[in-house]
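1. Sequence plus predicted model, see below.
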Amino acid sequence: MQEKYEKMRLLNAYICETNAVYHELAQAVNLSDSVMQVLYTALTGGGSCTVREVCFLTGISKQTLNSALRKMESDGLLRLEAVDGKQKRICLTEAGLALANETALVAVSYTHLTLPTN
């Protein structure tokens with residue numbers, strides 16, 4: 001049982017370290033954590049993802065996410081498309097894809113520094 005707790009502790013430590021990397025990089029390029037997470041999630045989804053996916057994968061509250069999405073939409077970084085009733089798809093614009101490649105993609109390259117190699 002102690003081994004399971006140790007594995008959980010290590011996993012939580014890696015998650016915290018990874019989150020810290022993303023946070024530091026977001027701050028370095030003057031983005032909020034939630035904007036960085038939207039860029040990352042959409043980028044790994046081929047340039048788009050649903051609002052539900054972002055909430056599920058990142059843990060961002062819907063209220064916080066909607067705030068970030070409004071800002072990103074007004075900045076021309078994304079457009080929202082209706083899908084299945086209330087659900088919305090986040091689609092990065094060319095400007096959003098360029099920003100994601102300059103920021104979120106760089107963050108991914110640093111993530112390997114925090115993950116175990118064995």
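-> Here it is on my side, so go on.

2. May I see the buried residues of the top helix by length along the chain?
-> For the chain, the longest helix by residue count, based on DSSP state H, is helix 2-28. By neighbour count with 16 or more other Cβ atoms under 10 Å, helix 2-28 contains the buried residues 18, 21, 22, 25, 26. C-beta here means a position set from N, CA and C on the backbone, and glycine is covered the same way.

3. Likewise for stretch 78-88?
-> Under the neighbour-count criterion of 16+ other Cβ under 10 Å, stretch 78-88 has 78, 88 buried.

4. Determine which two of the buried residues of helix 2-28 are furthest apart.
-> Greatest spatial distance in these: 18 and 26, 12.7 Å, computed using Cβ to Cβ.

5. how long is stretch 78-94 end to end?
-> This stretch, stretch 78-94, spans 8 Å end to end (Cα to Cα, to the nearest Å).

6. which other helices and strands contact the longest helix of the chain?
-> Using 3 or more Cβ pairs under 8 Å, 6 or more residues apart in numbering; DSSP states H and E, the elements in contact with helix 2-28 are helix 33-44, helix 104-111.
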